[in-house]
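J.: quick one, structure for this:
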Amino acid sequence: MGRATTSTILRRPSNSNITKRGEQSTSSNTIENIPRELLIEILSRIAQTSFTDIHNVKLSCKDFHEAAEDTYVYRHMSLDNFPLLDYFTGKRPKSALGHLQRALDANHIGALYVTCIILLFSGDDELKACGMKKSKYVRGKLKEDSDKLKSMLRLMWVENPALRRLPVCCTRQDNHRRRRSGWVEMDDEEEVHCEGCTVDSEIKFLVESLPQW
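T.: Here you go, the predicted model:
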């Protein structure tokens, strides 16, 4: 190798390199100058619009990722485009449930509803009982999220054996159950007589809304 000359050592960096470093520094300084409360509020608005968009924002830089992990952001997160398919197909169930758990910890009512459905279809009696217990709190608040979940599952068209085996939550053998389709309103609970019947009605309506394979 040749020896470094004075002209080589003192060579000025190119204008393009200076520009790139300047742009990176300016961008970093701009983000750092935004008050954290304001940044979290901005990210919560993005999360409220699209799960996919907030996920992409988190990947863009460290500052955005840290701010987007705030509980306030998860509390406002939209479940539209939520990777529920990852759970039902078994591709990345831990990843899907991880996002869901964060939203659940932030008291996201939609995340609670989706969790109830997953527990009811789990095939585990203990988890199913937990889903029934949670569903009692959810029912009066959640018709909108119920409709969204049905729309999401229709678009997925997932061929999953678990969705063919309807969980039966009512253990009564008599005919006290009202045959109905659709969401059971809170005012009608006394006509259903049983918590399990109420859950069975919702599960039946959910599955009937899916494409048939």
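
J.: where are the low-confidence patches of the protein?
T.: Residues of the chain that meet the criterion pLDDT under 70 lie in 1-30, 80-97, 99, 136-167, 171-193, 205-213.

J.: Provide a list of residues in contact with residue 49.
T.: By C-beta atoms under 8 Å, 6 or more residues apart in numbering, the contact list for residue 49 reads residue 78. From N, CA and C alone the C-beta is placed, and that goes for glycine too.

J.: that one and residue 123, how far apart?
T.: Residue 49 is 35 Å from residue 123, where distance means C-beta to C-beta, to the nearest Å.

J.: do residue 198 as well
T.: In this view, residue 198 and residue 123 are 20 Å apart by C-beta to C-beta.

J.: now residue 73
T.: With distances taken as C-beta to C-beta, residue 73 is found 33 Å from residue 123.

J.: cool, residue 101 as well?
T.: Residue 101 is 20 Å from residue 123, by C-beta to C-beta.

J.: please apply the same query to residue 100.
T.: Distance, residue 100 to residue 123, using C-beta to C-beta: 18 Å.

J.: what about those two, which has more around it?
T.: Neighbours per residue (other C-beta atoms under 10 Å) separate residue 100 from residue 123, with residue 100 holding more: 24 against 10.

J.: just checking, the more buried one touches residue 113?
T.: No - at 10.6 Å, residue 100 does not count as touching residue 113 under the criterion of C-beta atoms under 8 Å.

J.: where does the residue nearest to residue 115 when sequence neighbours are not counted land in three-state SS?
T.: Spatially, and ignoring its direct neighbours in sequence, residue 115 is nearest to residue 104 (5.8 Å; C-beta to C-beta, 6 or more residues apart in numbering). Secondary structure, DSSP: H, G, I helix; E, B strand; the rest coil: residue 104 is helix.

J.: was I right about residue 104 contacting residue 112?
T.: Yes - using C-beta under 8 Å, residue 104 and residue 112 qualify as a contacting pair, with a distance of 6.0 Å.

J.: burial count for residue 50?
T.: Neighbours of residue 50 under the rule other C-beta under 10 Å: 15.

J.: now swap in residue 39 and tell me
T.: Counted with other C-beta under 10 Å, residues neighbouring residue 39 total 19.

J.: tell me the secondary structure of the closest residue to it other than its chain neighbours, please.
T.: With sequence-adjacent residues excluded and distances taken as C-beta to C-beta, 6+ apart, residue 39 is closest to residue 67, at 4.8 Å. Using three-state DSSP, the secondary structure recorded for residue 67 is helix.

J.: quick one: residues contacting residue 67.
T.: With C-beta under 8 Å, 6+ apart, residue 67 has these contacts: 36, 39-40, 43, 73.

J.: same question for residue 39.
T.: So residue 39 contacts 31, 63-64, 67 (C-beta under 8 Å, 6+ apart).

J.: over to residue 71?
T.: Here residue 71 is in contact with 105-106 (criterion: C-beta under 8 Å, 6+ apart).

J.: that one and residue 79, how far apart?
T.: Distance from residue 71 to residue 79, counting by C-beta to C-beta: 17 Å.
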